[in-house]
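> Below is the structure, and that's it, no one-letter string:
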């Protein structure tokens, strides 16, 4: 492509994407970007609402000839997953993303790019800013905290909308029209820590699982990639079968909806067994490399002897409960759809393990397109929490988006796609959670669809966006909006 970043941002979509990339917008840190969107609308004298959840709703009147076409609700989310490579000096609370072009792809330097879902916001802003693009009345809603709790969509009031057609722009594959998605819920098990004095002649080791690929816990869960938390649990279980030890630290993963790439623990081993720790770590690395030879061959296991002044360690009971929890908490694909070939129906991802002075927390992201199966996995986690003496909480329960056989907007986008590309688009359901389920539950009359350009490795520092696909999808969206006058007449 050989474009410079300056040249690329002459395109209206990339202009706004670059502006968004200069604003920190991790989930829960959307105040600044919400304010930016509010000022954008006010400057253009567009009707705008900023609600208590910091959602932004911007309305624009129909262009001439489109006054009688049903209003369009155009939707995306302003927050992003904040992941970075180890050693990357980037503060997601204040630093702008460093965009860079590699061939025809857009990356950020050492961090997630935030194309999920900044590209939806950029599309919306480019459309709202234009004066020469025909379209029906627009009701643009940009939500907050989609990547964590879906709080924004859950709290948005349906009273703000009159639109009958809902276009979500949070998809990641050009040529695929999404018509259904999974529901989900986040489950947390909180294991109280019993501390005891460290006694005897011991050595401390920092055990680390690194080098894994990670990925989106919905879109990539079926790819067989290693989960660092689960691998760490297996390693600790293997060590516990060889000799006694105590834990004093445990952590892994950063987000419940990202397959964890790294995990670590500090163990305290009787000096008589210290020499065996690196040997067993090497054996487990070989096991993991063989198991993950196709999906995650870069997996690394290290056991480094460290000098620590810890006077307190987890009790034998707590250490055992930690290992039991990691080993028993389900992870990965739980069921496949019997109706749609290749579609993951239900899954769960042990995405985060974190420690405080009082408890260890295990956080899982549970997904299913069948409500009863989601509840079954949830109950399984709750039973495991009882067995290990953990408390159990949930948050961010969001509904599935059911398929609508008589969708008129699906038919429109199919026809426009065929005219635009000379072939039919693929109609798909996905295992990832989309806000469409929340909006179709709040607004049961709406006819919804989801689309987007090609993006890759989302929720990882390798995330990248296809520049040509982004431009083609923009033109496709404009064509669909333009054709609505004839289609809905």
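That came through, no problem. What you see is a predicted model; the values in this text were computed from it and never measured. Residues are numbered from 1 along each chain as shown.
> quick one: buried residues of the longest strand anywhere in the chain?
For the chain, the longest strand by residue count, based on DSSP state E, is strand 176-192. Neighbour counts over strand 176-192 (16 or more other CB atoms under 10 Å) mark 176-191 as buried. No exception for glycine: its C-beta is placed from N, CA and C like everyone else's.
> Low-confidence bits of this structure, can you list those?
1-2 (pLDDT under 70).
> Have a look at it and report its longest helix.
Across the chain, the helix with the greatest residue count (assigned by DSSP state H) is helix 467-487.
> neighbouring contacts of it?
1, 3, 8, 11, 13-14, 65-66, 69-70, 72, 101, 104-106, 119, 123, 126-127, 133-136, 165, 167, 169, 174, 408, 412-413, 415-417, 419-420, 451-454 (CB atoms under 8 Å, 6 or more residues apart in numbering).
> what separates the helix or strand residue 121 falls within from the chain centre, distance-wise?
Element membership of residue 121 [criterion: DSSP states H and E] is helix 115-129. Centroid separation for helix 115-129 versus its chain: 18 Å, with CA atoms, centre = their mean, to the nearest Å.
> and the angle for it with helix 467-487?
The directions of helix 115-129 and helix 467-487 differ by 50 degrees, with axes from the mean of the first three to the mean of the last three CA atoms, to 10 degrees as the criterion.
> Partner strands of whichever helix or strand comes after helix 115-129 and their direction?
Remark: after helix 115-129, the chain's next helix or strand is strand 138-143, criterion DSSP H and E. When pairing is defined by DSSP bridges, strand 138-143 lines up against strand 56-60 (antiparallel), strand 72-77 (parallel).
> Just checking, which helix or strand succeeds strand 138-143 along the chain?
helix 151-155.
> The helix or strand following that next one - contacts with which helices or strands?
Using DSSP H and E, the next helix or strand after helix 151-155 towards the C-terminus is strand 165-168. When contacts are defined as 3 or more CB pairs under 8 Å, 6 or more residues apart in numbering; DSSP states H and E, strand 165-168 sits against strand 72-77, helix 408-421, helix 436-442, strand 447-450.
> Looking at these, which one is packed in the most?
Among the helices and strands packed on strand 165-168, strand 72-77 has the highest mean neighbour count (mean count of other CB atoms under 10 Å), at a mean of 26.
> ok now that strand, how far from the chain's centre?
18 Å.
> Now do that strand: everything it contacts.
117, 119-121, 123-124, 127, 135-147, 152-153, 161, 163, 165-170, 435, 439, 443, 446, 481, 484.
> again with stretch 326-333
So stretch 326-333 is in contact with 189, 221-222, 227, 229-230, 232-234, 236-237, 344, 346-350, 353, 362, 364, 377, 380-381, 384, 387-388, going by CB under 8 Å, 6+ apart.
> Generate a PyMOL selection restricted to the buried entries among those.
Selection of the buried residues among the contacts of stretch 326-333 in PyMOL, burial being defined by 16+ other CB under 10 Å:
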select buried, resi 189+221+227+229+230+232+233+234+236+344+346+347+348+349+350+353+362+364+377+380+381+384+388
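> In strands, which of the contacts of stretch 326-333 fall?
Reading strands off the contacts of stretch 326-333 with DSSP E, I get 189, 344, 346-350, 353, 362, 364.
> List just the nearest of those residues to residue 242.
Using CB to CB, residue 353 comes nearest to residue 242 of those, at 22.1 Å.
> can you pull up the bridge partners for the residue nearest to the closest one when sequence neighbours are not counted?
Nearest non-adjacent residue to residue 353, counting by CB to CB, 6 or more residues apart in numbering: residue 252, 4.4 Å away. For residue 252, the beta-bridge partners are residue 263, residue 353 (DSSP bridges).
> Residue 229 is in contact with residue 252, correct?
Yes: with contact defined as CB atoms under 8 Å, residue 252 reaches residue 229; the gap is 4.2 Å.
> which neighbours do these two share?
260, 263, 352-353.
> Make CSV out of these and add distance to residue 316.
As requested, the shared contacts of residue 252 and residue 229 are exported to CSV (distance: CB to CB, whole Å):
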residue, distance to residue 316
260, 26
263, 22
352, 25
353, 19
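> Of all pairs in those, which one spans the longest distance?
It's 263 and 352 that sit farthest apart of the shared contacts of residue 252 and residue 229, by CB to CB, at 9.8 Å.
> Out of these two, name the residue with the larger neighbour count.
Legend: neighbour count by other CB atoms under 10 Å for residue 263 and residue 352, higher for residue 263 (26 against 23).
> and that one, what does it touch?
208-209, 228-229, 231-232, 251-253, 353.
> so residue 370 makes contact with residue 343?
No: counting by CB under 8 Å, residue 370 stays clear of residue 343, with 11.4 Å between them.
> quick revisit: I'd like the next helix or strand past the longest strand of the chain.
Past strand 176-192, the next helix or strand by DSSP H and E is strand 195-197.
> just how off-centre is that next one within its chain?
38 Å.
> helices or strands next to it in the packing?
strand 312-314.
> Pull out the buried positions in the strand it packs on.
Buried residues in strand 312-314 (16+ other CB under 10 Å): 313-314.
> Each with direction, which strands does that strand pair with?
strand 195-197 (antiparallel).
> now what about the partner strand, what contacts it?
Outside strand 195-197, the residues that reach it (CB under 8 Å, 6+ apart) are 246, 311-315.
> hmm, try it at 6 Å
312, 315 (CB atoms under 6 Å, 6 or more residues apart in numbering).
> what's downstream of it, the next helix or strand?
With DSSP H and E, the next secondary element past strand 195-197 is strand 202-210.
> I would like the residues contacting that following strand, please.
228, 231-232, 262-271, 274, 277, 300-306, 308.
> And for stretch 141-149?
Residues contacting stretch 141-149 (CB under 6 Å, 6+ apart): 27, 30, 37, 53-57, 75-79, 81, 121, 151-153, 395-396.
> try stretch 91-109
In contact with stretch 91-109 (CB under 6 Å, 6+ apart) are residues 1, 5, 21-22, 24, 26, 82, 464-465, 467-468.
> Please check those residues and keep the buried ones.
Among the contacts of stretch 91-109, the ones that count as buried by 16+ other CB under 10 Å are 21, 24, 26, 82, 464-465, 467.
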